[in-house]
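Engineer: How does the following fold in three dimensions:
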Amino acid sequence: MTIPLTPTSARQPQQRGRLQSMTGKTIKAAIGPLVLGLPLALWQICFFVLPLGFLGVVTFWQVRNYRLQPAFVLDNWERMLGSNAFQRAFVHTFSVAAIATVLALVLAWPAAQTIALRLSPRARDRWIAFLILPIFSSYILKVYAWQVILSPQGIINSLLTAAGVSSLNLLGGALSLQIGYMTLTLPAVTLILTFALLGLDRDIIDAARNLGCKGPTLITSVLIPAIRPGIIFAGSTAFLLAFGDYGSPVFLTGSNPPTLSILIVDTIKSGSQWPRASVIGVTMLALPAVGFLIVTMVKWLLKRTRA
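Structural biologist: Here you go, the predicted model:
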């Protein structure tokens, strides 16, 4: 039996056609996501990258006769970073934001665990909807509501007075500030932890329970390590929201002591010092970026060490 052989000259056009077809499909597969992502990229460039770049440029400008003039001076950075007011505001803002992050994670965990692991799918959907609604409602209105509740003539002190107990100074301190931060951060943190727990394989939890891992041991040894990226994301979200918040420090503490966001407004009001206010803004934006780089480097070093 004779097997017909295709001449090399006849096979080459076929192979060339196949390669061209595969190359065309590869190019289309690569171009498609780029085209779809182009509007988002343009949006980020126009409304985030360019304004942020201009904000960085303004930090080197100067104000003469209450007018902003282009220049290249380091006086704004030296004055702001070296001032006691900026340093105190930075330490205060960082500390209260860190406390709010810990409180949000601790308070959100029981609710997230209950919603994700103990409720029926129907009840779970309802509670998730209840958590989404506060996120899209007006934050300023909620802060005003807390101002009414915590004021000396508010609901809590009125009830205490009616019960024969002296009124408490609830407004204008660390307590009222953290209440405002929890109003801002708690729904988002609870949602993030809930979705992280929903993505967890139930077989892992069942296996741990069969091995006698229950209660706090199940949380610390199984759940927390399994959703560590979700916890980091939830904590980062809480810290960023609290670190840059302006409403709670103004309306619930009376701007005393001032946070960095309040210091930006005060700096602009004092002689239209936009360059110095821009220094504060760039510093607030640079802090999360530095933190992200540090976390990324630590993860990379841990991977290299394990390898």
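Engineer: where do the strands sit along the stretch 1-150 of the chain?
Structural biologist: Under the criterion DSSP state E, counting those that start in this stretch, strands of the stretch 1-150 of the chain are mapped to 62-64, 67-69.
Engineer: Export those strands to TSV and append columns for mean neighbour count.
Structural biologist: Quick note: C-beta positions are derived from backbone N, CA and C, even for glycine. Listed next are those as TSV, based on neighbours: other C-beta atoms under 10 Å:
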stretch	mean neighbour count
strand 62-64	14
strand 67-69	11
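Engineer: Save the ones you listed as CSV, and put in mean pLDDT and distance to residue 126 too.
Structural biologist: Converted to CSV, the strands of the stretch 1-150 of the chain look like this (pLDDT from 0 to 100; distance: least, C-beta to C-beta, whole Å):
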stretch, mean pLDDT, distance to residue 126
strand 62-64, 89, 54
strand 67-69, 87, 52
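Engineer: now those strands as JSON lines including distance to residue 189?
Structural biologist: Listed next are the strands of the stretch 1-150 of the chain as JSON lines, based on distance: least, C-beta to C-beta, whole Å:
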{"stretch": "strand 62-64", "distance to residue 189": "40"}
{"stretch": "strand 67-69", "distance to residue 189": "39"}
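Engineer: mind checking which of those is nearest residue 270?
Structural biologist: Evaluated over the strands of the stretch 1-150 of the chain, closeness to residue 270 peaks at strand 62-64, with 10.5 Å, by C-beta to C-beta.
Engineer: Now do the closest one: everything it contacts.
Structural biologist: Residues outside strand 62-64 that contact it (C-beta atoms under 8 Å, 6 or more residues apart in numbering) are 68, 69, 71, 73, 75, 76, 271, 272, 273, 274, 275.
Engineer: Of those, grab the buried ones for ChimeraX.
Structural biologist: Listed next is the ChimeraX selection for buried residues among these, using 16 or more other C-beta atoms under 10 Å:
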select :76,273,274,275
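Engineer: Closest one to residue 42 out of the contacts of strand 62-64, please.
Structural biologist: The nearest one, if we look at the contacts of strand 62-64 relative to residue 42 and count by C-beta to C-beta, is residue 274, at 27.0 Å.
Engineer: and the closest one, what does it touch?
Structural biologist: 58, 61, 63, 68, 268.
Engineer: and with 7 Å instead?
Structural biologist: 58, 63, 68, 268 (C-beta atoms under 7 Å, 6 or more residues apart in numbering).
Engineer: Same question for residue 245.
Structural biologist: 181, 184, 261.
Engineer: Tell me the backbone dihedrals of it, please.
Structural biologist: Dihedral pair for residue 245: phi -70, psi 140, per degrees, to the nearest 10.
Engineer: and the gap between it and residue 97?
Structural biologist: 8 Å (C-beta to C-beta, to the nearest Å).
Engineer: just residue 117 next, same as before
Structural biologist: From residue 117 to residue 97 the distance is 29 Å (C-beta to C-beta).
Engineer: more neighbours, these two?
Structural biologist: residue 97 (22 against 15; other C-beta atoms under 10 Å).
Engineer: related to what we said a few turns ago, with distance to residue 305 and secondary structure added, can I get the contacts of residue 245 in JSON lines?
Structural biologist: Compiled in JSON lines, the contacts of residue 245 are given as follows (distance: C-beta to C-beta, whole Å; DSSP: H, G, I helix; E, B strand; the rest coil):
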{"residue": "181", "distance to residue 305": "36", "secondary structure": "helix"}
{"residue": "184", "distance to residue 305": "38", "secondary structure": "helix"}
{"residue": "261", "distance to residue 305": "39", "secondary structure": "helix"}
